[in-house]
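1. here's a sequence, model it:
(chains A and B)
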Number of protein chains: 2
Amino acid sequence: MTIKFTVKKTTEKTDNSARLGMLKTEHSTIETPVFMPVGTQGTVKGMLPKEINDLGFSIILCNAYHLFLRPGHKLIAKAGGLHRFMGWNKSILTDSGGFQVFSLGKINKITDEGVTFQSYIDGSKHFIGPEKSMEIQMALGSDIAMVFDQCAPYPSTRYETSFAAERTFQWAKQCQSFHSSKNQTLFGIIQGGLFPEIRKENALKIVDLDFSGYALGGLSVGEPKPMMYQMLDVTVPLLPKEKPRYLMGVGEPHSVLEGVARGIDMFDCVLPTRNGRNGCLFTSHGKISITNSRYKNDLSPIDRDCQCYTCQNFSRAYLRHLYMANEMLAPILGTIHNLYFMNHLMKEIRNAIFENRFNSFKKNFFDNFS
Amino acid sequence: MTIKFTVKKTTEKTDNSARLGMLKTEHSTIETPVFMPVGTQGTVKGMLPKEINDLGFSIILCNAYHLFLRPGHKLIAKAGGLHRFMGWNKSILTDSGGFQVFSLGKINKITDEGVTFQSYIDGSKHFIGPEKSMEIQMALGSDIAMVFDQCAPYPSTRYETSFAAERTFQWAKQCQSFHSSKNQTLFGIIQGGLFPEIRKENALKIVDLDFSGYALGGLSVGEPKPMMYQMLDVTVPLLPKEKPRYLMGVGEPHSVLEGVARGIDMFDCVLPTRNGRNGCLFTSHGKISITNSRYKNDLSPIDRDCQCYTCQNFSRAYLRHLYMANEMLAPILGTIHNLYFMNHLMKEIRNAIFENRFNSFKKNFFDNFS
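-> Down below sits the predicted model:
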């Protein structure tokens, strides 16, 4: 085990309630609940690594799938690993490529060995299975690797979902046997779509394999949010208390709070960065679309209460000007603001848990953030 | 006069030889010869103001023409001026709009009063003349404003060139009479195309108006470089020693050195930033195109001798990956590198002048930089 996870505090004596934790890797110490910015291709879009660090993040997510296709994991290994290649010296979690293979590329063939697919870049043919995914992620040298899983699309039938969950279990076993890095730890992924019984069964089997952390995959893929929360309700209690729990692909503020309330420790999502690039900016009162003409002459900051570099230095009118003029600084400043917002939200969540007032914090946030 | 310019050292006892100077405005102290990054629309593309500052720049150029059209100089005045609007607290020089009106928009009518033209953004009709240009630049509150001039295109006949130069003189007088800001100083612009006699006559007349600085306009517009240098040779000796001299739109390293050799103090150009965005990167051995496949596996920095953030943290292979993947970080890191290169070059030039070895420095630079 190359990570150390300690639960510092729980809010109630249940297995799925908000909790504070500390996750240590060889590259950083991470306070949980944590939001991980997404750096798909080895860069959080538009951000210098030092900016991500200055914003207070100590772990980011990168995608094995994208880096395998371009520039290639072998080059990155030759460069001394992904940390050095991308100039980021804190922690990295890599997604396995499972989700991307099923959602991005044109699939040629799926077998028990893995998936043959066409590159989204140039249509070239590639294969990734459990062994290959481990090879890629070990070459990247991320702190946390994820098992190669099969994510059934939404909606899927019970049969399809069950089949994908069983294959995810088989692949998880194979990933474990192929994984041999001493500097990297491996998390399991629980599938099961929106079927409580399949989720539960898959959770029990994956937990039985004894990973150092557990992720919930295949959620936030289009289903109504209450269904996602229901899946957390049935799955989280089956996960060992002493291991970190990661809800993949979730980063919308409401969902993060609902996830934390159900005992989730880790989140990642492209939403804050993508929204930032598009001018959809988070404030304590909800999202605003900065390109709206109502902000044309608005000389106030995005959010008066925000301490980020963007809000401390620029007005809504200036930001709107940058977006309208298609200036690169627009998505940069928008990303800085939204990432600051997310990190600040996670800090407030942790403070609220620490001070035994998470439920009132959550209610208050929902009342204000529309 | 709201600026103070002091010549600290000249290399020879001629009026057009390399010299060291110090330009003080209300916002910063600028060592000359200086290169000014271009922030056309109120942002140096892709750079946070604090990055421009960290790179060592203490003056940038912005364009009255663009800011007049979008977001409008009145909004910027309401925001407290351009410095505050764009979050840049060092010096700003604004171009008058003369060059842009003649080169960017569709012109409807030119009269002695000014130019009616169509916006490059939406085709809407606008008018800028000497009075309007002064109104715009005073509203922006730049430290240095430029007179509204008429730049004859290249090539132009003797008659056309002479006509544009004379109109530039008439407009310069009008600009002076309309300019009434105590916090801003006004520079004259000398036109005259590639005709030595017209340049000389225009220089004498413009100098006679007694501006606090003098710019050479209408050069680097497509003419062979020796012709540009010849224009400097005939014009610079006619300019008062004690005033700053500014060669507009020039920033290619060779031309900067030739300009400095002829007594120029100030330069601006989009080239370093535009090249940076396109992956054309300056090194001490010349330019490289980082997207070239030869750099695919090149784990060395852009320039081993460069101390910039990009070279200190990233390899050519990583940069090439970012450009190929169309990642925003590519133009950001390329811009940081090229701007660092330019600022460093200007520092080296100033050191060489200070140590009486400018000519050998120049020769050595030309021998290496291809």
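2. tell me how chain A divides into domains.
-> Segmentation of chain A into domains, based on automatic domain parsing, reads A:4-11+A:27-268, A:276-337.
3. TSV for those domains, including mean pLDDT, mean neighbour count and distance to residue B:145?
-> Placement of C-beta: from N, CA and C, glycine included. Output for those, formatted as TSV (pLDDT from 0 to 100; neighbours: other CB atoms under 10 Å in any protein chain shown; distance: least, CB to CB, whole Å):
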stretch	mean pLDDT	mean neighbour count	distance to residue B:145
domain A:4-11+A:27-268	97	20	33
domain A:276-337	98	20	21
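4. can you put those in JSON lines and add distance to chain B?
-> Shown next, in JSON lines, are these (distance: least, CB to the nearest CB, whole Å):
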{"stretch": "domain A:4-11+A:27-268", "distance to chain B": "4"}
{"stretch": "domain A:276-337", "distance to chain B": "4"}
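5. nearest to residue B:303, out of those?
-> Among the domains of chain A, domain A:4-11+A:27-268 comes nearest to residue B:303, with 16.5 Å by CB to CB.
6. residue A:267 in helix, strand or coil?
-> Residue A:267 falls in the strand class when you classify it by DSSP: H, G, I helix; E, B strand; the rest coil.
7. for it, give me its contacts.
-> Residues in contact with residue A:267 (CB atoms under 8 Å, 6 or more residues apart in numbering or on different chains) are A:33-36, A:246-247, A:250-251, A:256, A:259.
8. distance of it relative to residue A:303?
-> 21 Å (CB to CB, to the nearest Å).
9. can I get the domains of chain A in CSV with distance to residue B:103?
-> Converted to CSV, the domains of chain A look like this (distance: least, CB to CB, whole Å):
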stretch, distance to residue B:103
domain A:4-11+A:27-268, 30
domain A:276-337, 18
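10. any idea which of these gets closest to residue A:359?
-> When the domains of chain A are ranked by proximity to residue A:359, the top entry is domain A:4-11+A:27-268, at 7.7 Å, counting by CB to CB.
11. setting aside sequence neighbours, what's the nearest residue to residue A:77?
-> Leaving aside its chain neighbours, residue A:77 sits nearest to residue A:139 (4.0 Å; criterion: CB to CB, 6 or more residues apart in numbering or on different chains).
12. how far off centre is the host helix or strand of the one you found?
-> Here residue A:139, judged by DSSP states H and E, is contained in helix A:130-140. Shown here is helix A:130-140, whose average C-alpha point lies 19 Å from the average C-alpha point of the whole chain (CA atoms, centre = their mean, to the nearest Å).
13. kindly export that helix (C-alpha atoms) in PDB.
-> Coordinates of the C-alpha atoms in helix A:130-140 are reproduced here as PDB (Å, rounded to 0.1, in the frame of the first residue of the first chain):
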ATOM      1  CA  PRO A 130      -7.200  -5.000 -17.900                       C
ATOM      2  CA  GLU A 131      -3.600  -5.900 -18.600                       C
ATOM      3  CA  LYS A 132      -3.000  -3.000 -21.000                       C
ATOM      4  CA  SER A 133      -4.700  -0.500 -18.700                       C
ATOM      5  CA  MET A 134      -2.400  -1.600 -15.900                       C
ATOM      6  CA  GLU A 135       0.600  -1.300 -18.200                       C
ATOM      7  CA  ILE A 136      -0.500   2.200 -19.200                       C
ATOM      8  CA  GLN A 137      -1.200   3.400 -15.700                       C
ATOM      9  CA  MET A 138       2.000   1.900 -14.300                       C
ATOM     10  CA  ALA A 139       4.000   3.700 -17.100                       C
ATOM     11  CA  LEU A 140       2.200   7.000 -16.200                       C
END
